[in-house]
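Q: sequence first, predicted coordinates after that:
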Amino acid sequence: MSSAASSPASTAAASSAVAPSSAAAASAPAAACAPVGAQRFSSLPDFTQLVAKVGPAVVNIRTTEKVRIQRGSIPGMNDDAMAELFRRFFGIPLPQGPRSGKTPNNKQPAPQDEEQNSGVGSGFIITPDGYIMTNAHVVDGADSIYVTLTDKREFKARLIGLDKRTDVALVKINASNLPVVALGDSNKLKVGEWVVAIGSPFGLDNTVTAGIVSAKGRDTGDYLPFIQTDVAVNPGNSGGPLLNMRGEVIGINSMIYSQTGGFMGISFAIPIDEVMRVADQLKKTGRVIRGRIGVAISEVTQDVAESLGLPKPQGALVRTVEPGGPADKAGLLGGDIILKFNGQSVDHATDLPRLVGETKPGTRATLSVWRKGAVRELHVVVAEMAPDKTTKADNSATPPDQAAPNKLGLVVSDLTDAQRKDLKVRNGVMVELATGPAAGAGIQQGDIILRIGDTDIVNAKQFAALVQGLDSKKLVAVLVRRGDATQFIPLRPSAAKK
């Protein structure tokens, strides 16, 4: 590097000095370069103080579930299979006694429940007396929840409540004088701003990663405009805090976009203002109360807007109206476009569920509707949405042939009479887990499988047998019900494992 290229200061010095000494000339580049290097270094963000301040309030969350185990037996093997195992590999008969799963009097010992780890996540303390925020999917279905602090103290936590629609949960430990996080304002967050995540990716406690805000208001859910970042978030980070450079929590890390299960540069966080609104209700009642009007909606495309005379594509297009529901009673029809709800603009279809959900049940609201080239106003009385049901692990109720995903990547359960009545279906099974082909096609937990090909699905046992016989070389049409919408999803069964 020449002295002239180092800085303007060196150029000025050279022009003002008629005959600089060799010593002065030799020292000029070093003197000129030093401030530039120092300036570049000081412009990088320093997260050390932030981590020291917030780190103690970030916790590791471990969940367990009870698994019924037959003492003395090998999981998945009955006595005949065990006898064959001993005969083939050890050349001896199956030993009789407590170790073989039978007592000396040949009676089978009673099965026992054992606690087994079922998941790991993160959380953060919001009050000194032990209220902790995390994701609903971290603790949902757990029989026990354990919280570990940075000082290695472990507490058994109590679930106060969770809300699956926003993926927010509130748990409580019996402790006092705990370190707490400071809450920020997610509305003031700017795209391009530095943010930091602290959590337990892959179970590694108090791991710190940093990045920037990539976008705001991402509509990836019915009730949440997510914060998108490029912060490295991996399995185990769920429930941990997303922090601004002031050390304030501005979101909960909730999900990632991934084709491999690992970080791929896109992660999503729930804005903290939404989180605390949900947390307040969970703390008071253990659940979140939301409004509903009983419609299925979709986005208004440019073509639809032009064909209907709308100035621009906006609003929520009503696809179906629940018979006898609030919208039906208000006179809403399929094909209507809802432009405003109680005076608030519905720019995108995803705006409507949030606006309605935040409205107190029993409220009389006004809908501005586009119908046949004109705007009409309808009045609807908002009803209450049915609360989420917290699922609990119950291995004894899981059919043996449904213990693992099948060729379609699905684990399903039978519908109860009450569920059929509530969902207004005569048949079908409920998706409990979607992996493989099903997950890749967008099938989710809670969806209802009504039909495979031309065969109506009656129960989980029939479903398992039908899927078992599917040809992995042929696509199969699966009729799926989600909410009020029903659609065929083509799936290619995976090849049977040998």
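A: Alright, I've got the coordinates. Residues are numbered from 1 along each chain as shown.

Q: hmm, Gly55 is touching Gly199, no?
A: No. Gly55 is beyond contact range of Gly199, at 10.9 Å (criterion: Cβ atoms under 8 Å). Backbone N, C-alpha and C define where each C-beta goes, glycine included.

Q: could you report the neighbour count for Asp328?
A: The burial count assigned to Asp328 is 16, neighbours taken as other Cβ atoms under 10 Å.

Q: for the helix or strand in which it is found, name the packing helices and strands.
A: Using DSSP states H and E, the element containing Asp328 is helix 326-330. Contacts of helix 326-330 with other secondary structure elements, assessed using 3 or more Cβ pairs under 8 Å, 6 or more residues apart in numbering; DSSP states H and E, are made with strand 316-321, strand 374-381.

Q: before we move on, back to that, any shared contact partners between Gly55 and Gly199?
A: Overlap between the contact sets of Gly55 and Gly199, as judged by Cβ atoms under 8 Å, 6 or more residues apart in numbering, is given by Asn206.

Q: quick one on the thing from earlier: need the winner for burial among the helices and strands packed on helix 326-330.
A: Per-residue neighbour counts averaged over each of the helices and strands packed on helix 326-330 give the maximum for strand 316-321, namely a mean of 21 (mean count of other Cβ atoms under 10 Å).

Q: alpha carbons of that strand, as CSV, please.
A: What follows is the C-alpha trace of strand 316-321 in CSV, where atoms were taken according to Å, rounded to 0.1, in the frame of the first residue of the first chain:
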residue,chain,number,x,y,z
ALA,A,316,-60.5,-11.0,1.5
LEU,A,317,-62.4,-13.0,-1.0
VAL,A,318,-65.2,-15.1,0.7
ARG,A,319,-65.1,-18.6,-0.5
THR,A,320,-67.6,-20.2,1.8
VAL,A,321,-69.9,-19.1,4.6
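
Q: quick one: strands adjacent to that strand?
A: Each strand paired with strand 316-321, and its direction, by DSSP bridges: strand 295-299 (antiparallel), strand 337-341 (antiparallel).

Q: in the protein, which spans are helices?
A: In the chain, the segments counted as helices under DSSP state H are 3-6, 8-16, 22-42, 48-54, 79-89, 136-139, 272-285, 302-308, 326-330, 351-357, 417-423, 436-440, 460-468.

Q: and the average pLDDT for the first one is what?
A: It refers to helix 3-6. Mean pLDDT, computed over helix 3-6, is 40.

Q: same check on the third one?
A: Rounded to a whole number, the mean pLDDT of helix 22-42 is 47.

Q: on that earlier part again, so which of the helices and strands packed on helix 326-330 comes closest to Gln281?
A: Distance to Gln281, taken as Cβ to Cβ, is lowest for strand 374-381 among the helices and strands packed on helix 326-330, at 21.2 Å.

Q: quick one: strands adjacent to that closest one?
A: If you go by DSSP bridges, strand 374-381 pairs up with strand 364-371 (antiparallel).

Q: ends of stretch 343-361, how far apart?
A: Between the opening and closing residues of stretch 343-361 we find a distance of 17 Å, counting by Cα to Cα, to the nearest Å.

Q: pull out the buried positions in it.
A: 346, 348-357, 359 (16 or more other Cβ atoms under 10 Å).

Q: same question for stretch 49-61.
A: When neighbours are counted by 16+ other Cβ under 10 Å, the buried residues of stretch 49-61 are found to be 50-51, 54, 56-61.
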